[in-house]
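Chemist: attaching a predicted model along with its sequence, questions to come.
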Amino acid sequence: MGLTKLGISMLTAASLLSGCSFTDDSLWPSLTGEDPAGQATAAPPPQLAQAAAGTQAAQGAGQAVAAQPPLGTGDFTPPGVTPGQSTGTYVGKQTEELRSDLSRLQGSLGQQNGQLQNLRTTLVENSQRYHGTIAAVNARLQVGTTPGNPILVQQFKSAQSDLDRIAQDIDRMNNLLNAVANNSTLSNYLSESARAAFGVSGAVDEDHRQLAILEDEVNRTAVLIDRLLKEVTEDVRRQTNYVTSERSNLNLMSAGIKSGEIYGGSLINKAMASAGPAVAASGPLDTTGRRPLVVVRFDRPDVPYQQALYSAVSKVLERRPNALFDLVAVAPAAGGQARVALNSGKARRHAENILRSLSEMGLPPARVAVSAKTQPGIKTNEVHLYLR
């Protein structure tokens with residue numbers, strides 16, 4: 001299959017990776033202008049375990065569904081409060097008040113534990129539905145389909161709604177986290193109050209016996225609340241990061257549905273979490289002596305560059321997760337000042353479209369510096385992507 005008609009050349013060299021070399025040929029595979037059709041079949045729909053653990057799908061075509069991070073499995077049922085008898089002393093009355101406060105605290109803890117278990121069940125159910133929908137879309141994209149297939153569009157909207165429900169579950173879990181934090185403060189207060197009551201004069205031996213039991217139960221309750229607080233905090237953190245990553249994957253899936261082909265996992269999953277400082281350039285970039293990673297020649301309408309672009313950037317990020325890129329709009333230098341200006345404007349718009357495609361694929365925009373130049377000897381507008 002020839003490369004010249006497509007107008008895309010994808011060139012790599014070991015020197016571009018500063019010590020990181022590709023294991024395959026230095027030239028990327030040739031592509032044609034035909035609609036791509038993958039040969040692999042999709043993995044079965046994912047089954048989530050108690051912790052909504054991971055999913056694998058569509059590996060043959062390079063699409064990986066991120067594993068759902070596990071949820072905690074702790075049960076935080078309060079131990080109960082030992083009843084006591086009134087002694088008629090001041091310390092005895094304090095003990096009765098503290099016992100009543102502890103009983104209310106444990107009642108609140110029991111409600112929060114029930115809310116947590118229900119939230120986990122709901123989140124797993126929503127996750128199962130979401131992953132089933134995503135697997136179905138990936139399976140269809142693997143074998144190729146029509147651009148903008150309405151069935152896939154509807155499934156995509158359903159997946160978006162499922163992910164929104166997961167986000168709402170996380171919001172409710174975050175509200176629960178705030179309530180547990182309040183109980184943690186109250187448990188610490190009760191623990192200090194129980195210790196302080198031992199120093200109050202006028203107590204009888206029975207007062208101190210009941211205080212010792214109460215203090216032990218307060219401390220056990222405080223430990224249980226701290227464990228609950230830690231586990232819910234971890235659940236919220238992991239699931240929030242997961243939803244953020246999945247929204248990026250959905251953006252890339254949307255682009256795949258528009259073109260009727262599968263791309264792969266979001267580039268943000270391969271890039272470092274920290275995108276670094278913005279690197280947008282205001283003037284021409286110095287690309288002298290540098291070999292472009294991708295060259296897109298716009299010698300005809302609707303050049304299908306997306307798959308080649310994704311493959312090139314994805315392969316680089318697998319080896320250099322913190323890689324930066326330079327995107328250069330190149331216009332022919334011939335044809336007079338008016339023609340050069342017109343071509344330069346078109347080349348910039350092409351570069352903006354490619355930058356938008358990279359963003360949809362999950363590459364943080366701050367990783368890409370954009371510039372423009374004219375070049376003698378070329379006959380059509382081009383966009384060059386360089387590895388910095």
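Modeler: That came in fine, so what should we check first? Residues are numbered from 1 along each chain as shown.
Chemist: CA only for contacts and neighbour counts going forward, please
Modeler: OK.
Chemist: could you break the chain into its assigned domains?
Modeler: In the assignment given by automatic domain parsing, the structural domains of the chain cover 8-36+269-387, 90-259.
Chemist: rank the ones you listed by pLDDT, which is bottom?
Modeler: Mean pLDDT is lowest for domain 8-36+269-387 out of these, coming in at a mean of 72.
Chemist: longest helix in the protein, by residue count?
Modeler: helix 205-259 (DSSP state H).
Chemist: which SSE is immediately downstream of that helix?
Modeler: Counting by DSSP states H and E, the element after helix 205-259 in chain order, helix or strand, is strand 294-297.
Chemist: pretty sure Lys346 sits in a helix.
Modeler: Yes: checked against DSSP: H, G, I helix; E, B strand; the rest coil, Lys346 lies within a helix.
Chemist: would you check how far apart the closest residue to it other than its chain neighbours and Gln375 are?
Modeler: Leaving aside its sequence neighbours, Lys346 sits nearest to Asn381 (C-alpha to C-alpha, 6 or more residues apart in numbering; 7.5 Å). Asn381 sits 10 Å away from Gln375, going by C-alpha to C-alpha, to the nearest Å.
Chemist: again with Gly289
Modeler: 14 Å.
Chemist: those two - which one has more neighbours?
Modeler: For Gly289 versus Gln375, neighbours defined as other C-alpha atoms under 10 Å are more numerous around Gln375 (14 against 6).
Chemist: so the more buried one touches Ala333, yeah?
Modeler: Yes: assessed by C-alpha atoms under 8 Å, Gln375 is found in contact with Ala333 at 5.2 Å.
Chemist: which helix or strand contains Ala369?
Modeler: For Ala369, the host element (DSSP H and E) is strand 368-375.
Chemist: need the next SSE after that strand, C-terminal direction.
Modeler: Sequence order places strand 382-387 as the next helix or strand after strand 368-375, per DSSP H and E.
Chemist: please name the strands paired to that following strand in the sheet, noting orientation.
Modeler: Within its sheet, and counting by DSSP bridges, strand 382-387 is paired with strand 294-297 (antiparallel), strand 325-332 (antiparallel).
Chemist: can you lay out those strands as a markdown table showing mean neighbour count and distance to Gly72?
Modeler: Listed next are these as a markdown table, based on neighbours: other C-alpha atoms under 10 Å; distance: least, C-alpha to C-alpha, whole Å:
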| stretch | mean neighbour count | distance to Gly72 |
| --- | --- | --- |
| strand 294-297 | 24 | 45 |
| strand 325-332 | 24 | 40 |
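Chemist: so what does the longest helix of the chain touch, helix or strand wise?
Modeler: The helices and strands touching helix 205-259, judged by 3 or more C-alpha pairs under 8 Å, 6 or more residues apart in numbering; DSSP states H and E, are helix 90-142, helix 150-197, helix 336-360.
Chemist: same thing but 7 Å
Modeler: Applying 3 or more C-alpha pairs under 7 Å, 6 or more residues apart in numbering; DSSP states H and E, one finds that helix 205-259 contacts helix 90-142, helix 150-197.
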